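Asker: Fold the following and give me the result.
(chains A and B)
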2 protein chains.
Amino acid sequence: MEHEIDAGRVHHHWDNRLEPTLRIASGDVVNFDLAMAARGQIHEGATFAETSFDFDTLYNLLGPVFVEGAQPGDTLRVDILSLEPGEWGWTCVLAGFGLLPDDFPESFVRSWDLRGRTHALLEPGVRIPIAPFLGTMGTHPDEPVTAPAFPPHKGGGNIDTRHLLAGSTLWLPVWCEGALFSCGDPHAAQGDGEVCVSAIECDMRARLRFTTEKRSISTPRFQTPAPLTLLAEGTGHQGTMGLDADLMNGARTAVRATIDWLVSDHGLSREDAYVLCSLVGDLKIMEIVDAGVWNVGFTVPLSVLGTGR
Amino acid sequence: MEHEIDAGRVHHHWDNRLEPTLRIASGDVVNFDLAMAARGQIHEGATFAETSFDFDTLYNLLGPVFVEGAQPGDTLRVDILSLEPGEWGWTCVLAGFGLLPDDFPESFVRSWDLRGRTHALLEPGVRIPIAPFLGTMGTHPDEPVTAPAFPPHKGGGNIDTRHLLAGSTLWLPVWCEGALFSCGDPHAAQGDGEVCVSAIECDMRARLRFTTEKRSISTPRFQTPAPLTLLAEGTGHQGTMGLDADLMNGARTAVRATIDWLVSDHGLSREDAYVLCSLVGDLKIMEIVDAGVWNVGFTVPLSVLGTGR
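Answerer: Below you'll find the predicted structure:
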């Protein structure tokens, strides 16, 4: 059976006292018309001064969906059937947030035209492939009864996993009766890490199928139908290394070196370079076993920089 | 000009007092016949009890190569022209080492037949694609004068970056006159992380071109000629998530969950699952900005498990 969830019943936190918006059977499909993060707090083309971000109401989650028969200890399978981004999106850097707050003390924001496009344009020749997913999908974690929207939790939530494209499957642990699934935070593009603190934030029409499985998993799992390479488009990658005893410091070193490269070799502004890193760059732990010094890599597909850059 | 480096002058540590094995000009090519880690301390098919690992002499590095004209502050470009693995390799788990020492307290080892093969076989149907690279390539870091072989350092060294396949380019900072490049630790296959502490360790014939660039870089960089997907072979991936305030703990959670999945869903032994994770699994930081809880992903290409598994 297929359902349309009430898009007017938005919530901004995880709260298992909320009345479910929808009750479904295992195997049912639900359509979600999801509002971008900060809908109404930013308009297309806004400068940062023109925004009115309110962190308490930033995420517009739809749900909870109550899946009949789902019990604590079960697993909720979520098949991501289709994802259609809205007409425009935004990306911001927020002072004090992101991977490099000391390097980027000033907030800024930019908008992206997504209408009929396969790529968002940073500047002529710098193209960001549209690869939509939902940043937030989760079951209520049971404890605490209310939880903020931003940190992910043992039911998933704000997992910001860019690999969950249409055709993928996500498995979530169930902690409450009925699973109490919610989703939101739609993204049109993001790299592994989301290093500048935001993706291309946009509206999204999402079609998801929910199935209860009578088994337990320790942490969220997923499966993709294809290689993890939509952004690569058949060309090479540039990479940098952060060699450090601390993975967080290594990540910072690697992203800083990529920003330096984008500025010095490709003429981007530092702000645009940081945004581009967040949207197309991938943090990977290339080595985590070598005598106390780890290697965090950060890679960027060369195709986004266009020919001859 | 093309050179053959003396394969008999092996060294086991970084030591800038060593007499260079070879002096070359910028633009020259060098051929290296590299011995596997622990050559002579393990034989093909050995059990762990039959090995005689000596950590002080485990890595058989060739070099140092002195590049005429290379000065501290320059960058050494290393073009990886070709890599040919030897006839067999080994992978081990060492008690007390690796990402999950508490989970795998017993050492064990296994051998791989690489003769004429595109894949190493873990068991019928479980195929590990051969994708050779050198685990160690580096310039001497100047300080300290002598440094152990295992931790990577500011000149690179044991970077264990699986993306440095033939056709790739690596850029290393130069810290000593002549750069003093050495390499070794050849690998026939490894995933991002090398989580069990070893790769497929093997002999390797390597052909590298060295070029001095008169610019400075802050940390090693690389570029690949193709997407970072040789292992994927056109199929999907299984992924797990480690949601944690600590990236190391998140990595452990994600790898443990993948081991659980390989055991429960694919019938592997826990030891084989750990080895397979080290050889084909990729650690990635999927989110590093969400209110103090990060998401470390671990993905495995489904193709290695064969059809129908």
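Asker: The nearest residue to A:V10 once chain neighbours are set aside: neighbour count?
Answerer: Take A:V10 and drop its neighbours on the chain: the residue closest to it by C-beta to C-beta, 6 or more residues apart in numbering or on different chains is A:N60, 4.6 Å away. In this view, the C-beta of every residue, glycine as well, is placed from N, C-alpha and C. With neighbours defined by other C-beta atoms under 10 Å in any protein chain shown, the count for A:N60 comes to 22.
Asker: A:N60 against A:C183, yeah?
Answerer: No - here A:N60 lies out of contact with A:C183, judged by C-beta atoms under 8 Å, at a distance of 10.2 Å.
Asker: Check the contact lists of these two and give me the overlap.
Answerer: Counting by C-beta atoms under 8 Å, 6 or more residues apart in numbering or on different chains, the contacts common to A:N60 and A:C183 are A:L34.
Asker: avg pLDDT for the biggest strand by length in chain A?
Answerer: Secondary structure of chain A per DSSP state E: the longest strand is strand A:75-93. Averaging pLDDT along strand A:75-93 gives 97.
Asker: centre of the chain versus that strand, how much separation?
Answerer: Averaging C-alpha coordinates over strand A:75-93 and over its chain gives two centres that are 8 Å apart (C-alpha atoms, centre = their mean, to the nearest Å).
Asker: can you give me the angle whatever helix or strand comes next after that strand makes with strand A:75-93?
Answerer: On the C-terminal side of strand A:75-93, the nearest following helix or strand under DSSP states H and E is strand A:108-113. Angular relation of strand A:108-113 and strand A:75-93 on a 0 to 180 degree scale: 110 degrees, by axes from the mean of the first three to the mean of the last three C-alpha atoms, to 10 degrees.
Asker: Strands along the stretch 201-309 of chain A, start to end?
Answerer: Per DSSP state E, counting those that start in this stretch, the stretch 201-309 of chain A has strands spanning A:201-213, A:221-223, A:237-244, A:282-287, A:294-301. These are given in chain order.
Asker: quick one, the longest strand of chain A and strand A:201-213 angle?
Answerer: Using the same axes, to 10 degrees: strand A:75-93 against strand A:201-213 is 170 degrees.
Asker: Flag every buried residue along strand A:75-93.
Answerer: A:75-80, A:83, A:85-86, A:88-93 (16 or more other C-beta atoms under 10 Å in any protein chain shown).
Asker: and the stretch 51-200 of chain A, which of its residues are near chain B?
Answerer: A:97-99, A:148, A:150-154, A:156, A:158-163, A:192-197 (C-beta under 8 Å from any C-beta of the partner chain).
Asker: redo that, cut-off 6 Å
Answerer: When proximity is defined by C-beta under 6 Å from any C-beta of the partner chain, the stretch 51-200 of chain A lies next to chain B at A:98-99, A:150-152, A:158-161, A:192-194, A:197.
Asker: For the residue nearest to A:V10, give its distance to chain B.
Answerer: In this structure, A:N60 and chain B are separated by 17 Å, where distance is defined by C-beta to the nearest C-beta, to the nearest Å.
Asker: My understanding was that that residue contacts A:S182; is that so?
Answerer: No - distance between A:N60 and A:S182: 10.3 Å, which falls outside the contact criterion (C-beta atoms under 6 Å).
Asker: My understanding was that A:T212 contacts A:S26; is that so?
Answerer: Yes - between A:T212 and A:S26 a contact is recorded at 4.2 Å, counting by C-beta under 6 Å.
Asker: what sits in contact with each of those two?
Answerer: Among the neighbours of A:T212, those also in contact with A:S26 (C-beta atoms under 6 Å, 6 or more residues apart in numbering or on different chains) are A:G69.
Asker: per-residue pLDDT, the residue lying closest to A:W175 once chain neighbours are set aside?
Answerer: In this structure, A:W175 finds its nearest non-sequential neighbour in A:D142, 3.8 Å apart by C-beta to C-beta, 6+ apart. According to the prediction, A:D142 has pLDDT 95.
Asker: Next, count neighbours for A:D142.
Answerer: There are 19 residues near A:D142, going by other C-beta under 10 Å.
Asker: Could you give the bridge partners of A:E213?
Answerer: The residues paired with A:E213 through beta bridges, assigned by DSSP bridges, are A:T75.
Asker: circling back to that earlier point, looking at the strands of the stretch 201-309 of chain A, which is nearest to B:Q41?
Answerer: Closest of those to B:Q41 is strand A:282-287, at 22.1 Å (criterion: C-beta to C-beta).
Asker: which helices and strands sit right next to the closest one?
Answerer: Contact partners of strand A:282-287 among helices and strands, from 3 or more C-beta pairs under 6 Å, 6 or more residues apart in numbering or on different chains; DSSP states H and E: strand A:294-301, strand B:282-287.
Asker: as a whole number, average confidence for the last one?
Answerer: The average pLDDT within strand B:282-287 is 93.
Asker: same deal with the longest one?
Answerer: Strand A:294-301 shows an average pLDDT of 89 in the prediction.
Asker: how about it, does it get close to chain B?
Answerer: Yes - for strand A:294-301 and chain B, the contact criterion (C-beta under 6 Å from any C-beta) is met by A:N295.
Asker: In this structure A:V195 contacts A:L99, no?
Answerer: Yes - contact between A:V195 and A:L99 holds when scored by C-beta under 6 Å: they sit 4.3 Å apart.
Asker: Using neighbour counts, pick out the buried residues of stretch A:262-270.
Answerer: In terms of neighbour count (16+ other C-beta under 10 Å), stretch A:262-270 has its buried residues at A:262, A:266, A:268.
Asker: give the contact list for A:A25.
Answerer: Under the criterion of C-beta under 6 Å, 6+ apart, the contact list for A:A25 reads A:E68.
Asker: cool, and A:E2?
Answerer: So, once contact is read as C-beta under 6 Å, 6+ apart, A:E2 ends up touching A:V29.
Asker: can you pull up the bridge partners for it?
Answerer: A:E2 forms beta bridges with A:V29, as assigned by DSSP bridges.
Asker: what separates it from A:A149, distance-wise?
Answerer: A:E2 sits at a distance of 27 Å from A:A149 (criterion: C-beta to C-beta, to the nearest Å).
Asker: can you put the helices and strands packed on strand A:282-287 in JSON lines and add distance to B:M137 and mean neighbour count?
Answerer: Listed next are those as JSON lines, based on distance: least, C-beta to C-beta, whole Å; neighbours: other C-beta atoms under 10 Å in any protein chain shown:
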{"stretch": "strand A:294-301", "distance to B:M137": "12", "mean neighbour count": "28"}
{"stretch": "strand B:282-287", "distance to B:M137": "20", "mean neighbour count": "29"}
